[in-house]
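**Student:** here's a sequence, model it:
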Amino acid sequence: MRRLPLLAVLFSLTAGCQQASPPGPVVCADAPETVAAIDAHLTRADVALAATDFARAFVALELATELSPRSPRVQLAHQRALVLRAAARPQVVTEDAAPALSYAVELLADASDLAAPRHLVSARLALLTGAGDRANAELTAALEADDSYAPALLLKAQLLRAGGDSLGAVAAYEAAVKAAPEDVTALNNAAVAYLELGRAKDALALIERALKQQDTAPAHINAADALVRLGRKAEAIEHLRRATTLAPQEALPLRQLGALLQDAGDLDGAAAALERARILVPGDAWTAFNLGVVRQTQERDEEAVSLFITAMESDPKAYAPAYHLAVSLLRMGDNQRAALALKQYLARSEGVAAEDSRRADAKKLLEGGSSPPPTPTPAPPGGGDFIP
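**Tutor:** All right, here's what the predicted structure looks like:
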């Protein structure tokens, strides 16, 4: 039998034709019709990438790969897609994905059109390992390559915010919104930054723009936060109702809805929302406490006592549940346990200036010199979430 030269063997292994599996027609990667099909898939992938529709892009790339798994241009297109997705979607930059992303960045080192996303992905990879200086250097390089690259501006804003530079973060968020006026992430994050500076009206304007692009629970939660600050609580309640519909497994909008309904006097509605939240986060001190206040206001003191104890056990530093626990126990005639609760309250609230008045009341109660307040004060609703 004639032995084939090594080069011939290698050529046969990398030839453009392959047998389908299971056996079927032979597909030749260099056949005109196959080349045309690959070109069509790659074009569709490019269109999807430009629209940041990464799921559709990878479907097109997988189909191109099936036609020509050894094609360098198909493989290169796949690496480009990995980098672009990692630049736009920080949640995909994980320890498991890091080796593949590092390789893609290295492979595309000479791709000038990918300079900004490539450096941004390198910055995200550096942050993953705690290399802050390298991350800042890569982020600077990304913005030098394209100073209006919205994903890089967003990361810059987040790093400034984390470092306590609120004004710098707002400026970066504003630049991101200017660069990508319809980017939901940029709009929502800029809105939250405005909320942190007390600019509720400006925040609401951005959130409304974001909601026109995409109806999301976080945007409704942030809208509710802005509306509460503007004194428009009825509208805030409707946004939170919508948030609970869009994200039924999220406790935050239920907790905030419960607090606002409680504040509005709808105790049954508040209790229903907080009970749902308790199912999702059974050990959450805030939820247990606020539900306890609702039950206390409804004069269902036995339930309130159980909830306040849960809140105190869940958060050993929480002092308000101890005070309210004492109120319910006094109303139930359990003076001994009430005295213990008041002592716990005084110990936990020591040094808290805002509690001076109530601490004075607690001391009088211990001395038997005053009666418990008839209407306990609910905890205020929480603020909006920051959307990464």
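
**Student:** now the helix ranked longest in the chain: mean pLDDT?
**Tutor:** Assignment by DSSP state H gives helix 32-50 as the longest helix of the chain. Per-region confidence: helix 32-50 scores 92 on mean pLDDT.

**Student:** quick check: buried residues in it?
**Tutor:** Neighbour counts over helix 32-50 (16 or more other C-beta atoms under 10 Å) mark T34, V35, A37, I38, H41, L42, R44, A45, A48, L49 as buried. Every C-beta, even on glycine, is put in place using the N, C-alpha and C of the backbone.

**Student:** how about the last one: what's its closest non-neighbour residue?
**Tutor:** Of all residues not flanking L49 in the chain, A57 sits nearest, at 4.8 Å (C-beta to C-beta, 6 or more residues apart in numbering).

**Student:** and if you look at the third one?
**Tutor:** Once flanking residues are discounted, A37 sits nearest to L67: 5.9 Å by C-beta to C-beta, 6+ apart.

**Student:** so that neighbour sits against A40, correct?
**Tutor:** No. Contact criterion C-beta atoms under 8 Å: L67 and A40 do not qualify, at 10.1 Å.

**Student:** low-confidence ranges, the protein, go.
**Tutor:** Within the chain, the segments meeting pLDDT under 70 span 1-30, 369-388.

**Student:** tell me where it has strands.
**Tutor:** Using DSSP state E, the strands of the chain run over 17-19, 26-28.

**Student:** how many neighbours does E250 have?
**Tutor:** For E250, the tally of surrounding residues (other C-beta atoms under 10 Å) stands at 18.

**Student:** oh sorry, the question was meant for S349
**Tutor:** When neighbours are counted by other C-beta under 10 Å, S349 registers 20.

**Student:** got the phi/psi numbers for it?
**Tutor:** Dihedral pair for S349: phi -100, psi 0, per degrees, to the nearest 10.

**Student:** cool, L108 as well?
**Tutor:** Phi and psi for L108, reported as degrees, to the nearest 10, are phi -100, psi 20.

**Student:** which non-adjacent residue is nearest it?
**Tutor:** Of all residues not flanking L108 in the chain, L114 sits nearest, at 5.4 Å (C-beta to C-beta, 6+ apart).

**Student:** and the one you found, what does it touch?
**Tutor:** R80, V83, L84, L108 (C-beta atoms under 8 Å, 6 or more residues apart in numbering).

**Student:** got the contact list for the spatially closest residue to E275 that is not a sequence neighbour?
**Tutor:** Closest residue to E275 apart from its sequence neighbours, by C-beta to C-beta, 6+ apart: L291 at 6.8 Å. Neighbouring residues of L291 by C-beta under 8 Å, 6+ apart: G258, A271, L274, E275, R278, L307.
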